[in-house]
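1. I need the structure of the sequence given here:
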Amino acid sequence: MGYSFGSGDVAFLRSAVGTAALAEVADLELSTRTRLADVATVRARFGERGAALIETVLLRRRAVGKLTDPGRWLLTDEALQQATPTAVACHRADRLAGRSVHDVTCSVGAELDALTATCPQVLGSDLDPVRLDMARTNVPAAAVFRADALTSTSRGTVVLADPARRSGGTRRFDPAALMPPLPDLLAVHRGRDLAVKCAPGLDFDRLDWAGEVELVSLDGRVREACLWSEGLAGTGVRRRATVLRTDGRLEAVTDALPDDLPEREPGQWLIDPDGAIVRAGLVRHYGAAHGLWQLDPRIAYLTGDEVPEGVRGFRILERLKYSEKALRQELVRHDCGILEILVRGLDVDPDALRRRMKLRGSSALSVVLTRIGRTPTAFICRV
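-> Here you go, the predicted model:
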């Protein structure tokens, strides 16, 4: 659960004395090896504020790679878990550029920080007074106040919300089980331009959502879904997949694009589309945009003679009807000793299968197991 911060802790941490103390504690190793000695040193030096100092330094270290300039943030353990990665928040802020925005679940301000770079007016509200104090420190350019997300407290703004999706470490996928409940949130702000961050595994069909559902991934990991009301949605778009990378590259695929694919035998390469594309149901649209086609219309793998720029492809060496015996024979023939296994459409445990192969070779290969029609098929590939 982490340390439970109070308003007094935040006031100390944001003060000149607290800032100097954080810099001093940040120089400590605070590893498993040194933890007891380091904690004793901090307690002797800073007394009752020691726990808040240590927790803040450890949270800032955990925030590396998620938040820009993590060494300036005040955080709680739960707020860090729920915080939007900076790259994703900046993408959303770009979509909202030029609009006044009210984040009604602002927490410690991860979204607010990105919004202040693109939006003329940024408001933030939350019910947690400690997180609000942290948000005021983290994002001084935003106007922050205490309010319930299930009340309407602003006019002329886009409403941005991020209902809590965890309770006691458990993820919630029922829209009504979020905090605040998603149906209630949508009802309160009906008629407003609204963007709602959600878990990518949420059952969106239960919402009867008339706007756009965007699935977002970052560096190959699906991070979130975002519901965009009709006034904010792309023209003719109901589903969007946005593939972000920390090097700044971005690709967007929508259901407004063509989805006609040729029926052909497998090409030279197999491509496993990004998870955001798969979850958004846009595999065919992505394939059509890149001159690819499917192995099977029910399976999300794509194939082609070229690999889209920046995408990992698997060059096909062999294709065979899948059985463990036949697969092992071919892998031995290819002198395989290191094996990556991808599976879609078959009930196969990759780790268990890898152990059963008992490979002793020197080459590294990938195997893609899938079904083409009714035939279980294995592709032996080199990346």
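2. And the residue nearest the centre of this protein?
-> Arg223 (1.4 Å; C-alpha atoms, centre = their mean).
3. pLDDT of the host helix or strand of that one, averaged?
-> Using DSSP states H and E, Arg223 sits within strand 221-228. Model confidence over strand 221-228, given as mean pLDDT, is 96.
4. Just give the strands next to that strand in its sheet, each with its orientation.
-> As defined by DSSP bridges, the strand partners of strand 221-228 come to strand 194-198 (antiparallel), strand 212-218 (antiparallel).
5. Make JSON lines out of those and add distance to Leu359 and mean pLDDT.
-> C-beta: built from backbone N, CA, C; applies to glycine. Converted to JSON lines, the strands paired with strand 221-228 look like this (distance: least, C-beta to C-beta, whole Å; pLDDT from 0 to 100):
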{"stretch": "strand 194-198", "distance to Leu359": "42", "mean pLDDT": "96"}
{"stretch": "strand 212-218", "distance to Leu359": "32", "mean pLDDT": "97"}
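6. Ok, which of those strands comes nearest Val343?
-> strand 212-218 (19.9 Å; C-beta to C-beta).
7. Name the residues that touch the closest one?
-> Strand 212-218 is contacted by residues 85, 87-88, 91, 200, 204, 222-228, 232-234, 237-246, 274-277, 279-280 when judged by C-beta atoms under 8 Å, 6 or more residues apart in numbering.
8. Now, of the residues you listed, which are buried?
-> Neighbour-count burial (16 or more other C-beta atoms under 10 Å) is assigned, among these, to 85, 87-88, 91, 200, 204, 222-228, 232-234, 237-244, 274-277, 279-280.
9. Of those residues, which belong to strands?
-> In this view, those that belong to strands under DSSP state E are 222-228, 239-244.
10. what stretches of the stretch 101-250 of the chain score poorly on pLDDT?
-> 166-173 (pLDDT under 70).
11. All the helices of it, residue numbers only.
-> 110-115, 129-138, 182-188 (DSSP state H, counting those that start in this stretch).
12. Break the chain into its domains for me.
-> 7-62, 81-253, 257-383 (automatic domain parsing).
13. Quick one: distance of the second one to the chain centre.
-> Spelled out, it's domain 81-253. 13 Å (C-alpha atoms, centre = their mean, to the nearest Å).
14. measure it end to end?
-> Terminal residues of domain 81-253 lie 28 Å apart, using C-alpha to C-alpha, to the nearest Å.
15. do the same with the first one
-> Looking at domain 7-62, the gap from its leading to its trailing residue is 22 Å under the measure C-alpha to C-alpha.
16. Relative to the whole chain's centre, how far out is that domain?
-> 29 Å.
17. same deal with the last one?
-> Average the C-alpha atoms of domain 257-383, do the same for its chain, and the two points are 24 Å apart (C-alpha atoms, centre = their mean).
18. Need the winner for burial among the domains of the chain.
-> domain 81-253 (a mean of 19; mean count of other C-beta atoms under 10 Å).
19. And Gln81, how far from Lys66?
-> Gln81 sits 10 Å away from Lys66, going by C-beta to C-beta, to the nearest Å.
20. just Leu292 next, same as before
-> With C-beta to C-beta as the criterion, Leu292 and Lys66 are 32 Å apart.
21. again with Pro163
-> Distance, Pro163 to Lys66, using C-beta to C-beta: 20 Å.
22. One more: Asp219?
-> For Asp219 relative to Lys66 (C-beta to C-beta), the value is 11 Å.
23. same question, Ser100
-> Distance from Ser100 to Lys66, by C-beta to C-beta: 27 Å.
24. contacting residues around the closest residue to Thr68 other than its chain neighbours?
-> In this structure, Thr68 finds its nearest non-sequential neighbour in Thr86, 4.4 Å apart by C-beta to C-beta, 6 or more residues apart in numbering. Residues in contact with Thr86 (C-beta under 8 Å, 6+ apart) are 66-68, 110, 113-114.
25. ok, those vs Val343, which is closest?
-> Nearest to Val343 among the contacts of Thr86, with distances taken as C-beta to C-beta, is Lys66, at 29.7 Å.
26. contacting residues for that closest one?
-> 80, 83, 85-86.
27. Tell me the one among these nearest to Cys336.
-> Pro85 (36.3 Å).
28. Kindly indicate whether the residue lying closest to that closest one once chain neighbours are set aside is helix, strand or coil.
-> Nearest residue to Pro85, sequence neighbours excluded (C-beta to C-beta, 6+ apart): Lys66, at 5.0 Å. Recorded secondary structure, Lys66: coil (DSSP: H, G, I helix; E, B strand; the rest coil).
29. What of Tyr286?
-> Three-state call for Tyr286 (three-state DSSP): helix.
30. how near is it to Glu263?
-> Taking C-beta to C-beta, one finds Tyr286 at 17 Å from Glu263.
31. my guess is Pro273 contacts Ala300, does it?
-> Yes: here Pro273 reaches Ala300: they are 6.1 Å apart, a contact under C-beta atoms under 8 Å.
32. can you list residues touching both of those two?
-> With C-beta under 8 Å, 6+ apart, Pro273 and Ala300 have common neighbours Val283.
33. Report the next helix or strand after the helix or strand where Phe46 lies in sequence order.
-> Using DSSP H and E, Phe46 sits in helix 35-46. Note on helix 35-46: by DSSP H and E, the next helix or strand toward the C-terminus is helix 50-62.
34. residues in contact with that following helix?
-> 2-3, 5, 9, 12-13, 18, 21-22, 25-26, 28, 30, 38-39, 42-43, 46, 70-71, 73-77, 80.
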